[in-house]
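S.K.: Prediction below, plus the sequence it came from.
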Amino acid sequence: MIDNHSRFANDSAEALRLENVRKVHGADGSRVVALDGVSLALRAGSFTAVMGPSGSGKSTLLQCAAGLDQPTDGRVFVAGAPLAGGSETALTKFRRERVGFIFQQFNLLPMLTVLQNTTLPLRLAGQKPDEGKAAAVLARLGLGDRLGRLPSELSGGQQQRVAIARALVAEPAVLFADEPTGALDSRSAREVLGLLAEAVRRDGQTVVVVTHDPVAASYADAVLFLADGRIVDRIAAPTAEAVAERMTHLGDDDAEHPAFTAAAS
Ligand SMILES: Nc1ncnc2c1ncn2[C@@H]1O[C@H](COP(=O)(O)OP(=O)(O)OP(=O)(O)O)[C@@H](O)[C@H]1O
């Protein structure tokens, strides 16, 4: 449906790279090291889940990787391009051109229809939105008969599918999702995860999901585990059982581990 990776395919087969990323919040007495030297490389077309205890730095990792926040130290590359430092304008441009984001609470605009919400990022970027393409993406996500509806007329799962469509039409090099199923019932959650997995398999979309749910993580090709701001482990081809088991023992002896570099598989 979407020619997702063609735009960046010549740049690099690597969709995301973090080099020794540190993020320190606050100053002096209230100083919190949220990320403590995270390095990773994800290939284009991969589906990665990020897990870890509350406060381990998952959201901070996503925010820094997606250009929603800037690391204190270290470097971030999306599809080979370094995250623009400096002005908020440069960061906004970087995000619009290279990343998509899905949030737990959908973040749709209530006064806009499904189709208008989906094309909004393109309009904000000054592009003439291709409504036919947006409608095709929405149809693929099972919303072909809902284009003129308002978000309030949709279920939570349907609203999250609109948010996925909105992210996909911009053809991001990486689609980041922070707890995308956290507000959904288990059936809607499975549908949303299945659609993300299909975007990976069918279109070569790169997806990174933060989740607390081992079942959600099992849709990914690999799970990265964070503890105290460091990647301490990685499981490939995860099952929900293996992820749950690893989460149970996370932190037992991870402080002893050297920083783990998660390479593209
Ligand atoms: N803006 C901020 N100012 C100060 N400290 C912050 C800020 N954002 C996050 N932190 C701290 O950084 C650490 C990592 O937070 P983060 O939200 O990334 O963790 P998380 O793994 O996503 O947690 P959760 O699963 O509870 O959402 C925590 O100790 C948190 O309190």
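M.R.: On my side now, so go ahead. Numbering: from 1, shown residues only.

S.K.: quick one: terminal-to-terminal distance for stretch 126-136?
M.R.: End-to-end distance for stretch 126-136, by C-alpha to C-alpha, to the nearest Å: 21 Å.

S.K.: For Phe101, what is the enclosing helix or strand?
M.R.: Secondary structure assignment for Phe101, by DSSP states H and E: strand 99-102.

S.K.: Leu42: neighbour count?
M.R.: 25 (other C-beta atoms under 10 Å). Quick note: C-beta positions are derived from backbone N, CA and C, even for glycine.

S.K.: surely it meets Thr48?
M.R.: Yes. Counting by C-beta atoms under 8 Å, Thr48 is a contact partner of Leu42 at 5.6 Å.

S.K.: returning to what we had before: so which other helices or strands are in contact with the strand holding Phe101?
M.R.: Here strand 99-102 touches helix 156-169, strand 174-178, going by 3 or more C-beta pairs under 8 Å, 6 or more residues apart in numbering; DSSP states H and E.

S.K.: okay, the angle between the helix or strand following it and helix 156-169?
M.R.: Sequence-wise, the next helix or strand downstream of strand 99-102 (DSSP H and E) is helix 114-124. Inter-element angle recorded for helix 114-124 and helix 156-169: 30 degrees (by axes from the mean of the first three to the mean of the last three C-alpha atoms, to 10 degrees).

S.K.: Dump helix 114-124 to CSV, restricted to CA.
M.R.: Provided in CSV are the C-alpha atoms of helix 114-124 (Å, rounded to 0.1, in the frame of the first residue of the first chain):
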residue,chain,number,x,y,z
VAL,A,114,-10.9,10.6,10.3
LEU,A,115,-9.6,11.6,6.8
GLN,A,116,-8.7,15.2,8.0
ASN,A,117,-6.8,13.8,11.0
THR,A,118,-4.9,11.5,8.8
THR,A,119,-3.8,14.1,6.3
LEU,A,120,-3.1,16.8,8.9
PRO,A,121,0.7,16.2,9.4
LEU,A,122,1.2,16.5,5.6
ARG,A,123,-0.7,19.8,5.6
LEU,A,124,1.3,21.0,8.5
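
S.K.: any idea of the mean pLDDT for that helix?
M.R.: The average pLDDT for helix 114-124 rounds to 93.

S.K.: Give me the residues contacting that helix.
M.R.: 96, 108-109, 112, 128-131, 134-135, 137-138, 143, 146-151, 154, 162, 165-166, 169-170 (C-beta atoms under 8 Å, 6 or more residues apart in numbering).

S.K.: Just the buried residues of these.
M.R.: Listed as buried from the contacts of helix 114-124 are 96, 108, 129, 134-135, 137-138, 143, 146-147, 150-151, 154, 162, 165-166, 169-170; burial here means 16 or more other C-beta atoms under 10 Å.
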